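J.: next one to model:
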Amino acid sequence: MMLLNRLSLRKRLLAVGLLPAALLAAALTTLFLVRSTHSMDSALSERGVAIVSFLAPASEYAVISGNQMTLSSLLQAVLEQPDVVAAAIYDREGSLLAVSGRPRIVNRDEVTNTKSATKLFVSEDRAGFAAPVESAPMFVDDWLEPHLRGAPRAPVESIGWVYVELDTMTLSNNKRDIVLSTVIVLFIGLGLAGVLASRLAGAVNAPLAGLVGAVRRIAGGDLDVRVGEDASSDELRALQLGFNSMANSISQAQKTLQMRIDEATEQLAHQATHDPLTGLPNRRAFEQALEEAIAQSRRAGDRGTLCFIDLDRFKIVNDTCGHAAGDELLQQIARLIRQRVRAEDLICRIGGDEFALILHDCRPEDALRLAESLREAVATFRFTWEGRRFSVGASIGLVRIDGRTSSAADLLVAADLACYSAKKGGRNRVVEYQPDASGGRRKTDIILNNDPPLSGGIPYGRLSLHQQKIVTLGRADVPEWIEILLRTRGADDEIASPKELLASIEPSDKLLELDLWVAEQVCFALSRRAGSSMPTLRFSLNLSAASITQASRYWTRMESLLQTTGMPADRLVVEFRTSIAEQAPDECAQFVREARRVGASIALEKLDGASIGLLRSLRPDYVKISLKTLVESYGLEAGCNLAQALCGMADALDIPTVASEVEDELLRDALHNYGFQHAQGRLISPTEPLPD
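T.: Down below sits the predicted model:
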């Protein structure tokens with residue numbers, strides 16, 4: 001059975017067709033040969049017995065008389081019979097009376113002991129037969145001699161024996177001829193049966209082999225394969241028709257599914273690179289296009305311009321009429337800008353009310369003229385919502401894209417600074433970024449109150465530290481958790497964001513120095529704080545990219561600082577943005593490993609849908625999701641849905657989530673529904689100076 005299982009279908013069909021025929025033919029041939037040879041042997045025996053039975057009575061007189069002539073005549077007559085090769089006659093005493101030919105009898109006693117006509121032996125080429133010659137008394141009729149009626153008759157007496165040998169070579173030849181002819185007929189019959197079985201197996205196997213091959217091709221991905229519908233039987237033809245019908249269905253289903261997948265993929269790709277509110281390319285697409293523009297300027301000398309467009313007085317519309325009015329305003333402004341730029345230019349929405357414009361192969365004077373026309377168009381635009389009219393403006397910052405551009409990050413900082421200068425100078429204006437005399441790209445004329453570049457040092461006297469509580473939702477018996485915030489003080493002691501200060505610091509080692517200065521101030525201040533809350537206080541520090549890329553230097557200094565101040569490492573939470581992790585994944589992974597070694601925790605800031613993969617690769621201890629950023633980028637409904645989805649993904653990985661920048665009453669009331677464990681923001685807890 002195991003051997004049969006290894007055979008192919010064609011061989012199995014041949015075996016099924018030939019094996020019974022071969023067995024039957026072999027059985028019939030064997031039976032025929034046995035019966036034929038037995039019949040021939042019986043015929044020979046009967047012929048020999050008949051000859052000696054005839055010769056014995058004919059020899060009675062010659063034996064009694066001893067007449068040699070008569071004996072010789074009898075023997076000669078016997079030898080004339082076919083196949084008779086020798087004959088002999090013996091007398092009463094067993095003496096040889098006459099012989100003809102050369103008999104091969106071995107034992108004369110076997111002949112003299114014969115009581116009736118019988119076969120004595122059969123050898124390879126001879127067969128011997130013997131019969132007694134009996135002398136029977138003569139009787140006359142009883143009516144002639146009445147006195148003899150009823151009297152016993154005299155017994156028959158053997159007066160001699162006759163012996164005849166027949167040649168069996170002819171019989172053997174006949175047997176061989178019969179066997180040979182029978183075998184030939186057998187093989188001819190088996191050959192015909194094999195041809196028929198082969199044609200039958202082929203008629204069945206060919207369609208099935210075609211089906212098997214077609215199935216394998218379908219399994220290999222060739223869904224357009226079909227089989228012929230030319231089977232000899234109705235059943236196989238029906239199977240072929242059914243297979244072709246099934247293949248058609250699979251092919252159509254696959255094409256339909258592939259079409260839907262392509263549509264979904266195209267839609268997802270579009271959503272990944274486009275803003276759902278305005279339909280413009282989003283920040284991710286903008287950053288890719290900016291990298292390409294920089295590379296093109298280096299390769300071919302293509303001079304372009306990057307413009308940052310920040311809407312003026314947008315917050316008034318948003319706060320007065322709600323997010324729906326703000327969304328509609330952004331859509332109309334997007335259409336307005338798109339109608340006034342060239343086809344080869346790229347306009348993107350990079351967040352909130354900020355747009356970015358990349359002008360390809362554009363001379364500086366043309367770029368200024370185009371930016372001024374955009375500013376004027378936005379300034380003259382009037383937005384109407386529920387009977388109320390609003391006017392907005394646009395502060396535009398320009399920076400050239402040329403072969404001297406060092407990186408996309410520098411361009412972004414320069415454009416952002418130019419845009420800030422436009423707002424600082426009174427809004428609704430265009431400001432072009434001007435590099436300093438040394439070729440640097442970190443300075444505009446009105447940034448930072450015209451302070452000199454900070455490449456020589458950090459103005460620590462203008463810095464101050466603030467704190468903001470991070471509240472655990474639904475629980476009041478948890479340790480206090482604060483985030484340390486760096487702020488700057490202006491000439492009038494006005495507290496401002498350090499964004500401009502950080503952008504102006506060169507080189508990057510100064511940013512690492514600033515991060516370590518903040519850590520030192522915080523650790524000493526907290527170590528001096530009195531009260532029972534210190535043992536359970538947690539604090540978060542925000543880090544720049546310089547600290548991430550120089551992890552060994554940062555953590556060596558931090559370990560020494562923690563030991564000096566007695567601050568436990570497990571109270572420390574270090575935070576960095578997802579944009580840093582995306583730009584330097586290997587350095588971030590090394591930084592996280594160092595933090596784990598020291599015992600500190602990691603928080604990942606500004607998590608959005610595009611950076612969700614960082615949860616699995618970095619495994620932070622906390623993730624911070626900015627509701628304000630999501631709502632400004634995607635709109636209220638889509639932003640809230642995305643926040644809820646991000647919370648679900650983080651929860652699946654057992655990573656607590658922090659809702660940051662909570663500045664809307666509606667959002668604060670729905671934090672529990674979104675799945676956040678912690679929250680911070682102006683409506684949760686205000687920012688206050690760090691004591692001590």
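
J.: going forward, measure contacts between C-alpha atoms and count neighbours the same way
T.: Noted.

J.: just how off-centre is whichever strand or helix holds Arg616 within its chain?
T.: Counting by DSSP states H and E, the element that carries Arg616 is helix 614-618. How far helix 614-618 lies from its chain's middle: 24 Å, per CA atoms, centre = their mean, to the nearest Å.

J.: also stretch 585-602?
T.: With CA atoms, centre = their mean as the basis, stretch 585-602 stands 34 Å off its chain's centre.

J.: now that stretch: buried residues?
T.: Residues of stretch 585-602 classed as buried by neighbour count (16 or more other CA atoms under 10 Å): 585, 587-592, 594-595, 598-602.

J.: what sits up against it?
T.: 548-549, 551-552, 555, 559, 569-575, 580-581, 618, 620-622 (CA atoms under 8 Å, 6 or more residues apart in numbering).

J.: what element comes up after the helix holding Arg616 heading to the C-terminus?
T.: That would be, after helix 614-618 and using DSSP H and E, strand 622-626.

J.: packing partners of the helix or strand just after that next one?
T.: Past strand 622-626, further along toward the C-terminus, the next helix or strand under DSSP H and E is helix 627-634. Under the contact criterion of 3 or more CA pairs under 8 Å, 6 or more residues apart in numbering; DSSP states H and E, helix 627-634 touches strand 346-351, helix 636-652, strand 657-660.

J.: pLDDT on helix 627-634, on average?
T.: When pLDDT is averaged along helix 627-634, the result is 79.

J.: so who does the closest residue to Asn318 other than its chain neighbours touch?
T.: Counting by CA to CA, 6 or more residues apart in numbering, Gly326 is the residue found nearest to Asn318 once chain neighbours are left out, at 4.8 Å. For Gly326, the contact set (CA under 8 Å, 6+ apart) comprises Phe314, Val317, Asn318.

J.: in which helix or strand does Gly326 reside?
T.: Using DSSP H and E, Gly326 sits within helix 323-339.

J.: Val573 too?
T.: strand 572-577.

J.: relative to strand 622-626, how tilted is that strand?
T.: 40 degrees (axes from the mean of the first three to the mean of the last three CA atoms, to 10 degrees).

J.: same for strand 572-577, what does it pack against?
T.: So strand 572-577, by 3+ CA pairs under 8 Å, 6+ apart, packs with strand 538-542, strand 601-605.

J.: in its sheet, what does that strand sit against?
T.: strand 538-542 (parallel), strand 601-605 (parallel) (DSSP bridges).

J.: possible to save those as CSV with distance to Val341?
T.: Compiled in CSV, these are given as follows (distance: least, CA to CA, whole Å):
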stretch, distance to Val341
strand 538-542, 39
strand 601-605, 35
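
J.: which among those is found nearest to Gly352?
T.: Closest approach to Gly352 among the strands paired with strand 572-577 is made by strand 601-605 (17.6 Å; CA to CA).

J.: C-alpha coordinates for that closest one, CSV please?
T.: The C-alpha coordinates for strand 601-605 follow below in CSV (Å, rounded to 0.1, in the frame of the first residue of the first chain):
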residue,chain,number,x,y,z
SER,A,601,12.1,57.2,32.8
ILE,A,602,11.5,58.3,29.2
ALA,A,603,8.6,60.4,27.9
LEU,A,604,7.9,60.8,24.2
GLU,A,605,6.4,64.2,23.3
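
J.: coming back round to it: which of the contacts of stretch 585-602 count as buried?
T.: 548-549, 551, 555, 569, 571-575, 580-581, 618, 620-622.

J.: show me how the record splits this protein into domains.
T.: As given by automatic domain parsing, the domain ranges for the chain are 2-32+188-218, 44-136+155-173, 223-273, 282-450, 452-692.

J.: need those in a markdown table with distance to Val179, can you?
T.: Below are these laid out as a markdown table (distance: least, CA to CA, whole Å):
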| stretch | distance to Val179 |
| --- | --- |
| domain 2-32+188-218 | 9 |
| domain 44-136+155-173 | 10 |
| domain 223-273 | 40 |
| domain 282-450 | 93 |
| domain 452-692 | 85 |
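
J.: weakest of these in terms of mean pLDDT?
T.: domain 2-32+188-218 (a mean of 74).

J.: just to revisit the earlier point, out of the helices and strands packed on helix 627-634, deepest packed?
T.: The highest mean neighbour count among these, using mean count of other CA atoms under 10 Å, belongs to strand 657-660: a mean of 25.

J.: tell me which other helices or strands that strand touches.
T.: Strand 657-660 is packed against strand 622-626, helix 627-634, helix 636-652, strand 678-679, with contacts defined by 3+ CA pairs under 8 Å, 6+ apart.

J.: what lies in contact with the helix or strand following it?
T.: Next along the chain after strand 657-660, taking DSSP H and E as the criterion, comes helix 665-669. Contacts to helix 665-669, defined as CA under 8 Å, 6+ apart, come from residues Leu627, Val662, Leu683, Ile684.

J.: the first one and Asn641 touch, don't they?
T.: Pointing back at Leu627 there. No - using CA atoms under 8 Å, Leu627 is not in contact with Asn641; the gap is 10.5 Å.

J.: could you check stretch 69-79 and say which residues are buried?
T.: Thr70, Leu71, Ser72, Leu74, Leu75, Gln76, Val78, Leu79.

J.: tally of neighbours for Asp669?
T.: By other CA atoms under 10 Å, 9 other residues sit near Asp669.

J.: repeat for the one 3 residues further on
T.: Number of residues near His672 (other CA under 10 Å) recorded here: 15.

J.: list the contacts for the residue lying closest to it once chain neighbours are set aside?
T.: Nearest non-adjacent residue to His672, counting by CA to CA, 6+ apart: Leu473, 7.5 Å away. By CA under 8 Å, 6+ apart, Leu473 lies in contact with His672, Phe676, Gln677, His678, Ala679.

J.: swap in Arg577?
T.: Per CA under 8 Å, 6+ apart, neighbours of Arg577: Leu604, Glu605, Lys606, Leu607.

J.: looking at these, which is nearest Ala394?
T.: Lys606 (26.1 Å).

J.: what bridges to the nearest residue to that closest one once chain neighbours are set aside?
T.: Counting by CA to CA, 6+ apart, Lys606 lies nearest to Ile625, which is 5.3 Å off, once chain neighbours are set aside. Ile625 forms beta bridges with Ala659, as assigned by DSSP bridges.

J.: Ile625 contacts Pro656, doesn't it?
T.: No - in this structure, Ile625 is not within contact of Pro656 by CA under 8 Å, at 10.8 Å.

J.: please say which of these two ends up with more neighbours.
T.: More neighbours surround Ile625 than the other of Ile625 and Pro656, with 24 against 19 (other CA under 10 Å).

J.: gap between the more buried one and His270?
T.: 23 Å (CA to CA, to the nearest Å).

J.: ditto for Ile458
T.: Distance from Ile458 to His270, counting by CA to CA: 43 Å.

J.: just checking, Gly490 touches Gly461?
T.: No - taking contacts as CA under 8 Å, Gly490 lies outside contact range of Gly461: 10.6 Å.

J.: who has more neighbours, these two?
T.: Each of Gly490 and Gly461 has its neighbours counted (other CA under 10 Å); Gly490 has more, 12 against 8.

J.: residue contacts, that one?
T.: Gly490 neighbours (CA under 8 Å, 6+ apart): Arg462, Ala496.

J.: strands along the stretch 51-200 of the chain, start to end?
T.: 84-90, 96-101, 118-122, 126-135, 157-167 (DSSP state E, counting those that start in this stretch).

J.: noted, bye for now.
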